[in-house]
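Visitor: Take this sequence and fold it.
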Amino acid sequence: MEPTDAGFAAVNAMRINATKYLAKFNGNPAATLALIRNAVNRDGLDLPNEYMKFIEEINGGEGFVGSNYIILWRIEELAKMNIDYQVQEYAPGLFLFGSDGGGEAFAFDMRSPSKPIVSMPFVGLDTSLARPYALNFIEFLEKLSRS
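Guide: Below is the predicted model of the structure:
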């Protein structure tokens, strides 16, 4: 899905703003367009534009954003991790993309057209335990950097 004019503005803002949040984050090299296309086509991924743009520049990684340690999975790991955690059985409508390196998962809430980000415990993984975290990926990085 191609971003709208507003989406392009948000993606460009994210490109500028993400760098300042990721000074202590050890990002992986960018995902190639072929790798992204393969994951999208093979796994049926329909993820938010801001996140996909991030993957084009930094294909996951781990480290600190502010004082928060996070792990963001590589695009080629996303579907397998969601299968391994049995997300569709225990938390249908959510799509995990990373964690805090401990007991907390981060997910896109695919039940909403805007696909906001929620956090939830890995133990007892259940949609009812999902807590709103951020409206989009840019806000996700901003909130992590402030806390």
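Visitor: For the rest of this, base every contact and every neighbour count on C-alpha atoms.
Guide: OK.
Visitor: Low-confidence regions, the protein specifically.
Guide: Low-confidence segments of the chain, defined by pLDDT under 70, are located at 1-18.
Visitor: Can you tell me the SS state at the residue nearest the centre of it?
Guide: What sits nearest the mean C-alpha location of the chain, by CA atoms, centre = their mean, is residue 97, with 4.5 Å. Classification of residue 97 by DSSP: H, G, I helix; E, B strand; the rest coil places it in strand.
Visitor: wait, doesn't it sit right on residue 109?
Guide: No: taking contacts as CA atoms under 8 Å, residue 97 lies outside contact range of residue 109: 10.9 Å.
Visitor: Please give the element, helix or strand, for residue 50.
Guide: When elements are assigned from DSSP states H and E, residue 50 belongs to helix 49-57.
Visitor: ok, and what's touching the helix or strand following that helix?
Guide: Sequence order places strand 61-65 as the next helix or strand after helix 49-57, per DSSP H and E. With contacts defined as CA atoms under 8 Å, 6 or more residues apart in numbering, strand 61-65 is touched by 21-28, 69-74, 141, 144-145.
Visitor: Those, buried ones only, as a PyMOL selection?
Guide: Entered in PyMOL, the line below selects the buried ones among the contacts of strand 61-65, by 16 or more other CA atoms under 10 Å:
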select buried, resi 21+22+25+27+28+69+70+71+72+73+74+141+144+145
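Visitor: how about the nearest residue to residue 133 once chain neighbours are set aside, secondary structure?
Guide: Excluding its sequence neighbours, the residue lying closest to residue 133 (CA to CA, 6 or more residues apart in numbering) is residue 118, at 4.8 Å. Under three-state DSSP, residue 118 falls in the strand class.
Visitor: Name whatever forms a beta bridge with residue 118.
Guide: residue 107, residue 132 (DSSP bridges).
Visitor: unless I'm mixing things up, residue 46 is touching residue 40, no?
Guide: Yes: using CA under 8 Å, residue 46 is in contact with residue 40, at 7.0 Å.
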